[in-house]
Structure formats: C-alpha cells, structure tokens
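Enquirer: Quick one, structure for this:
(2 chains, ligands or ions: 1)
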Amino acid sequence: MMEDWANLALDTAVARGATYADVRVIDLRQRELSTKNGQVGTLVESESLGLGVRVVANGAWGFASTDRLTKQGIEKCAAEAVAIARASALAKLHDVVLAPEQTYVDTWQSPFVRDPFRIPVDRQIGLLLEADAEMRKVAGVTIAETGMVFRRLEQWFASTSGSRIHQLKMQSGAGIVASSFAEDELQKRSYPNSFGGQHALRGYELVEELDLVGNARRVAEEAVALHTAPQCPEGVRTILLDSSQMGLQIHESIGHPIELDRVLGMEANFAGTSFLTLEKLNKLRYASDHVTVVADARLEHGPGLGTFGYDDEGVPAQSTDIIRDGRFKGYLTNRETAASVGEKRSNGTMRAESWNRLPIIRMTNISLLPGSWKLDDLIADTDDGIYMETNRSWSIDDRRYHFQFGTEIGWEIKGGKKTRMLKNPSYSGITTEFWNSCDAICSRDYWTLWGTPNCGKGQPMQTMGTGHGASPARFRNVRVGIAFSR
Amino acid sequence: MAPRKATKRTAKKAAARKPARKSAPKAAVRAAGAASAARYVVPRAEFERIVERILKFSRAEETEVAVDATTDALTRFANNTIHQNVAEQGISVSVRAVVDGRTARASTNKTDDESLARVARAAEDLARLQPPSKNLLPMLGRQKYEPVRRFYPATGAATPQDRARAVKRVVDLAAGREQIAAGIFSTGVSQTSLATSSGLFACHEQTRAEFSVTFLDGDSSGWAKANFGDISLIDPDALAESASRKARESRQPTEIPAGRYTVILEPPAVLDLVGFLFYDFAATAVDDKRSCFTGRIGKKIFGENITIWDDVYNPLQAGPPFDGEGVPRQKVLLVDRGVPKNLVYARGTAKRLKAKPTGHGLSLPNEWGEAPLNLVFAGGKTSTEEMIASTEKGILVTRFWYIREVDPYQKILTGMTRDGTFLVENGKVTGAVKNFRFNQSMIEMLASVEALGPAVRAAGEESFEMVVPAMKVRNFHFSEVTKF
Ligand SMILES: [Zn+2]
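Expert: All right, here's what the predicted structure looks like:
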C-alpha cells in the first residue's frame, strides 16, 4: 500500500510537469515516559503516518506533504508540490542540477535485540521510579527526574529515477537527573548524559545496559556535593573533557561548520553561515595532528542517531574524511551542492525529521577517531589541569568561531592526580585555535558513540538526531571560568 | 545548533501537544494556493465527528479529546533566489483517558473509525499500567470563554505566488545594491479543539504570517523579522529595507574590548533574553525550587520600571483563551513595579498548593505543571533615537543569538550579538563593532533598565513572540569578542 501511495504521488507529479520527483512515506511511532519526584510525569504514545513529495518543475524546487492518504489527498498533494515549484521559479537564478546517483531497490533495518514497544509500560515506569527513589534517598536532592523515549520509524522512499528503498529504524534513549537547590544555588548532575541521557539506534537493551538505578545514588550525591565545592577558577589552563562533552564540542565546532548548505549561505537567515569557506578545503589546518574526524553513516561505525542505509534523497550511507591528521578534508554534501566542491557525487547527508519536512543537509555520525592514551595515564601526565564532565550550557556564534561551554562538574588535576571537585566549570575559545591545542586523545576503550537527539536546523525548524563518537581528550592553554566572571 | 535548555523546551513541547500551544512552530498546513483557500482547513463538523466517535469508543471513566489541525506553507530564499518552498497539512487526534485514578495520553493522525477506536484503547491501556496519580482532578464540564479574534481570512488565503512575488521584490532590492538576501515568508492556519466526556467543548482557530530577512553585505549582515496573525500587518519591503540598511552600516566592524557597557537593546534582543524567564513564573517551578523566583516572591528584585503580565487577551498576543485542560485563561500580574507578585497555576498545582487555577495548565499528564505563554511587558515612552541621543558611550544591539542558560538561579544567560551591533558615542551611532559574547544575569539586568520604549509584538529566534519594549540597560556584561 505504501508503495502504491508513493507511485501515485510520483505519477501525479510527472503528469503535472515535474522533471524530477521523490516521495517519502513515513510511519512513525513514539513512546515517552518520565517521572519527577516519585510521580509519573509524561506518559504518552503517539503515531503519525504521512507522505511528502519533493519535485523539480520549471527548474525550481517544490515540496508538499499530507496525512490525507486517499487517492484524492495524495494527488492534490503532488499537484500542489508542482504548483509550488512553479512559484519558486518566479525568483529563480539557475535551474536545479542534481549530481548523478544510481538507482537502488533495497531494504534496510537497524539491528536491535529487544523491541522497546513490546516491553510492558509498567516495567519501564517501574525502572524509572526505582532510579527516581534511589536519587531521593540522598539528603539535599530537591528534584529527581528520569525519562525514556522510544521511536520506531519506518520509511518508504521512491524516486522518478527508479529507486525504491524501504528502511526501518528503532531508536531508544534514557537518562536520569538529580538537582539540588540550597541557599542561592541550583546544581545538577545527569547520567549518562544531559539531553535526556544516551540515545542510539538500538532496542531496549540500551536501557538495560545503562544501569540507571546503579548510578542514581552517585549522581545524587555529586549534585549535593557541588554546593560545597570550590568555584572553577578563571584563567588559561589545561583542560580534559569527558567523552560526552567532547561529543557536543564536535557537534557545535566541527559538525555544523562543515554543513555545505551553511557554507553556501542557504541557512544565513536562521542557523547561520560558516567560517569554513570553500578555499579552506584541503588547506586549512583545522586541528592538531592528533585529530582525525569522519562523517560516517554506515552501520559498521556503530548504531548512532546518524546511522542509516540510505539518506533521504536515496544516496547510500558513506564514510567521509572531515579532518585527517589535523587537515580539513571534506564537507557534508547533497546531490545539489556536491559539484560546488568539485565532487561528482553526494556524500549522503540529506535527512528529514518526518514526512512533513523537506530533507536538508544534516550531520550523520560526526566522530573523532580514538587515540592511544589510557585515561589514568593522561591524568598522570597532566601536572595542572581541570577535568570537565557532562554538558550544562552551550553556545557558539553564527559562523561557528567563538564558543562557550559549561559543564555540570569539574575535577582539579594537580601533579598527575585527580583531586578536589570544582563547581560551575566553563571554558571558551575560537574553534580552530581550540582544536589545534589538542595534544592527547584517549583510546578505543574510552570511546562512546553519543546520540544528540535534538539538533535544530532549517525553516520550518526540524529536530534531528545526530551521532558523535569520542573519547576523553586534553587541550592546552584554554580560557576557563569566564561564564561566571563578574 | 543544538536544543534549547531542557525545561523551556519541554514545557514548550508539552504546551504544543495540546490546545495550550500558542504560536505554531509545528503548525502544519496545506498551501492555501492549491487549496483555493477553504476558510477552515477542517470543518467544525469534522472536529465534532472525531470527538463524538472517540467518546463513543472510549471505555475509560473519563475521556478528553484534543484535535489539532494545521496547514502551513513556507517560502524560503537565500543567495537572492528561492531555494526551498514547502507546504504541509496535518491533523492530530489526542486522547487522554482516566481509569481508576490514573491517566495517560495517546495520539494519532489517522481519523478512520478503526484508528480512533485504537487510540482510545491505547490511552486506557497506558493509564492502567501505572501507579495512581496523587493530584488528578475530575475533568472539566462546559466552560465560558472570552472570545479572541485571531483568524484573518487574507492570511489563510495567501498563495505560493503571493509569497514568491514578495520575495522577488526583496531579492531584486538586494541584487540592485550588490547585497545578498536570505529569509522566509510563511503563512498558516491552525485549528484546535478540546472536549471532555463531562461536556466541555472548546474551539479556537488562528492564522499566522511571518516574514524574516537577513541581508549580507561582504563581511557584515543585517536582519529584521515580523510575525502577526494578520498578513496585512507584514511589510516585506520595509523589513528588507531595514535589514539592508543595517547590513550596509555594519560593514568593516572594528574590534573594541569586551567589558561592561551601556546597551540599547532593540525589541527582538529584549525578547530573546526575557523569554528565558517564562517558565520561572510557573508555580510548579517555584515549588520544585528550580525557578529564579524561589525565595524572591514579594521582594523588590527588579527596577520600578519593570511590570509584566501574562495576558492572552492583549491584541498583540496569539493563542487560545483556554489552557491544556480547558480552563479559561486569566490575565495575571506577574511582576508589579519590580516585585514578583503572582505565579500561574494549573488546576492540579493550585489544588496542591492551595491556590486558584489561572488557566495556564499544560496538557496532562506532564511534570511541568503550567507556563505563561503570553507575556506582556509594560513599555515606556523613550524612543530608540532618544536612547541613543542620551548615551555617552554604549552598544546598540539588533538581536542576540544562541542564548543558553549558564546558571538557573542568578539567571545568567550567555549568547552572541548578531546581524548589526553598533558603537554609540556622544549620542550618535559612530560605527559597527565586532560581535560580542555576553554572560549576563537577568536579575541584575532587569534591575538596571534606564529607559524603555513602547511595548511591541516582537519576533526573535530563541523565544516565542511576546510583547516587549526596547530597553536601555547599564553595565551589561560582554565577556569576549568573536572574529567578525
Ligand atoms: Zn546542532
């Protein structure tokens, strides 16, 4: 039936004058659970089924989407996409040209062990309430919060080039947060990460491996202990970042600047542009020799939120060098923009939030390849530094030069030993200066493929999950503490 | 960009799930063009049919049905051409069931009988599988609402050609000045209705038009944006002219040192900062001790010139006159001449805290309680020109970008200036400066406002639209400078 709908939309678009069309039928199912202080908060299941048609007509783009999945509804939607493309042509400078791509007839599914939708909700709530209660056993905790979210996304892609691609993605996420208010200060600790915890293209096995209950007490104790910890100092220091904060650092200061649509000005009104202008390709020393970063959507990279079989314009998942031994090597491209950087083919990064959104260039899994250090050795090798864990605040300018991050907790390193806890850690810098100051990266044993579930981009805004593999790393001469300076 | 702070985002999401939603970030719709503009996307009778079917299928003790329909279209341009142009149409049927003191929600966008029966059953099944909830109240019966006019047929009837023609004028203006324009022109209709098995039936429809434009001029940029229910209040040519002028005037910015400056914040800059306060006015946030007003209610923490209401009935506001449970929204005085006075309450929160509900509840079940979604600041009489003229040395800020909360209790926010940052010396704008990062406490800022302009409906990117004035603020903390 899904294939019939897709074919009907394509046929209608062509009959109305489209020179190219592709269609995504998406069937989305979601479950969200949360608790706060021993009570169930959110308990919602939702489903959404619809179809989006993207067309080129008169050399310009149009897109329309609908959830009225009748013959009449689909025909009207496809006709509307063509009408919109003709309106686009009123302010056209050039005809749309797409890089060639083969046609594919294929099916792909993300592997999972346990279907989270088949785990009874009372068991899932029971686990969350247990972690919630465990956090509240610690005196001084004022808010205990927990949550789980599951998504099942089934998609049928069809194009006038003849591709027919079916994909099924199962996504799970879970996390806990303890907050503590005392006197005039609110502190918090999250596990395994902020942003709702860890998220991956996996089944319920992800949640079971996280051991939320086993970590609840520690997280709560740290949140309370932060009140009596000294303030992170201000100055220029050596810092070590844990792998989850490294994930967000990569996202903001590498993942976004390499989006070719930003570079070409297509996001200038909202998300912004990029300092990474075209002449820097293969020339810029983005980072120190230790740093190699890839954009890898293939399953062999791991079950990240940026993993798929094919992107949303029917291009197979690929691995692209972004930074190789510190040198800037590549952008995230699509079929329309690949030629502008001399590529014959898209590297497969077009993704849409759902059936009612147009695919745009998106991060896949933008990952820092591991180095060779053991974390204990790296700390022992650091005479005077600060180890920062778990993101708390994040901000970067609209060309992605200047960033500032705060983390939930810090640890002073003195004479090669992790010593006292520090509260309110923060650091700031300029993207390329910061990455060039990286002098050590931990090994594969410390590497995690983190999921960022809610990256916002595009107009209308689309929320997308991206993946970021990283292990802890060390940076020299970094400005710390300015977020709290007076 | 990554998401906003969790509380705000989640509260907004909870708000958006139901009729409590105000603007329509996820508003959906079909292009009125091909639609040849049926006035309403979904006829009232269809809403009534869906409600009636759900109530028939449900075997729960109590049932609430929310139906949201949206059609939305957005024409997007960059590099002086239309590069994306989209339309959507969607419906959501959301059912909340109460079984044995427990409640849960399920939703679908399929409206055939089988799907409606299934979603009703799913809500019941979910509700059963949890411990009883402490503060659950019986669903509301019939209510009376003060009417608000938020539907403008001309907005709903806008076509892709209408939007493309306006965009064409703007990109031609840019090309003629050797500048580059990027932006959006979007129009849409959203309809919402809420009904309960106890006889409540609430309905609301509104239109939305938005134009946002950025002009690039070599190393500089300028920006302007407007959002109204009535498309006739949007003037794309005037907005483009303003963005073009700012881009031209901010060419070749000089770098001046970070530090504390007097700032003149245009309304969008004010909006995107003060918007971060909205959830702090929720009684649940104060009760949870996560609001910056914890321990500060009744104390004079802001300047005498700061007065804030939540007022859905203000003609510059948007959204339905009822909350996520169908309670009529009240106008609430949140801050009175510098003193945080009142909070907003959902029904359950009010019962727990022995207060009266104010009509600001989010759809149930949720952990956030309530939120004021229609903030209105009292304005002043000082024009931006007068603010500049009275400033010996200061910075004029068009807008801020990527604002995030650094500290929740001192309400320290960080972010960047963007798209037009100017130096003011001896009462005059004397040039453009490179963009700053700020780290600024909102508590301190609202105690340091020297002058206010008239309150206007402002549109930004970090907060939903509110009614705020331009402000002149002393000792604003710019902590670092970026490269452009
Ligand atoms: Zn992002």
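Enquirer: Tell me where the model's unsure across the stretch 151-300 of chain B.
Expert: Within the stretch 151-300 of chain B, not a single segment meets pLDDT under 70.
Enquirer: domains in chain A, as residue ranges please.
Expert: Here the domain assignment for chain A is A:2-228, A:235-484, based on automatic domain parsing.
Enquirer: Which among these is found nearest to residue B:324?
Expert: Closest to residue B:324 of the domains of chain A is domain A:2-228 (CB to CB; 12.7 Å). Where you see a C-beta, it was placed from the backbone N, CA and C, and this is true even at glycine.
Enquirer: so does that closest one get close to the ion?
Expert: No - taking CB under 5 Å from the ion as the criterion, domain A:2-228 and the ion are apart, separated by no less than 11.0 Å.
Enquirer: So what would you say the end-to-end distance of that domain is?
Expert: Its first and final residues considered, domain A:2-228 spans 59 Å by CA to CA, to the nearest Å.
Enquirer: ok, now stretch B:361-368?
Expert: Criterion CA to CA; first-to-last residue distance in stretch B:361-368 is 9 Å.
Enquirer: Chain B is nearest to which of the domains of chain A?
Expert: Nearest to chain B among the domains of chain A is domain A:2-228 (2.8 Å), distances taken as CB to the nearest CB.
Enquirer: ok so, going back, dump the domains of chain A to CSV, plus distance to chain B.
Expert: Listed next are the domains of chain A as CSV, based on distance: least, CB to the nearest CB, whole Å:
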stretch, distance to chain B
domain A:2-228, 3
domain A:235-484, 4
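Enquirer: Kindly reformat the ones you listed as CSV and extend each row with distance to residue B:144 and mean pLDDT.
Expert: Compiled in CSV, these are given as follows (distance: least, CB to CB, whole Å; pLDDT from 0 to 100):
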stretch, distance to residue B:144, mean pLDDT
domain A:2-228, 29, 98
domain A:235-484, 35, 98
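Enquirer: so can I have CSV of those showing distance to residue B:127?
Expert: CSV is the format used below for the domains of chain A (distance: least, CB to CB, whole Å):
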stretch, distance to residue B:127
domain A:2-228, 8
domain A:235-484, 26
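Enquirer: Let me have those domains in CSV, adding mean neighbour count as columns.
Expert: Compiled in CSV, these are given as follows (neighbours: other CB atoms under 10 Å in any protein chain shown):
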stretch, mean neighbour count
domain A:2-228, 21
domain A:235-484, 22
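Enquirer: confidence score at residue B:135?
Expert: What the model reports for residue B:135 is a pLDDT of 82.
Enquirer: Same check on residue B:11?
Expert: Here the pLDDT value assigned to residue B:11 is 44.
Enquirer: now do residue B:130
Expert: pLDDT for residue B:130: 89.
Enquirer: And for residue B:356?
Expert: Looking at residue B:356, its pLDDT is 98.
Enquirer: Quick check, it in contact with residue B:349.
Expert: No - in this structure, residue B:356 is not within contact of residue B:349 by CB atoms under 8 Å, at 10.5 Å.
Enquirer: higher neighbour count, those two?
Expert: Each of residue B:356 and residue B:349 has its neighbours counted (other CB atoms under 10 Å in any protein chain shown); residue B:349 has more, 25 against 10.
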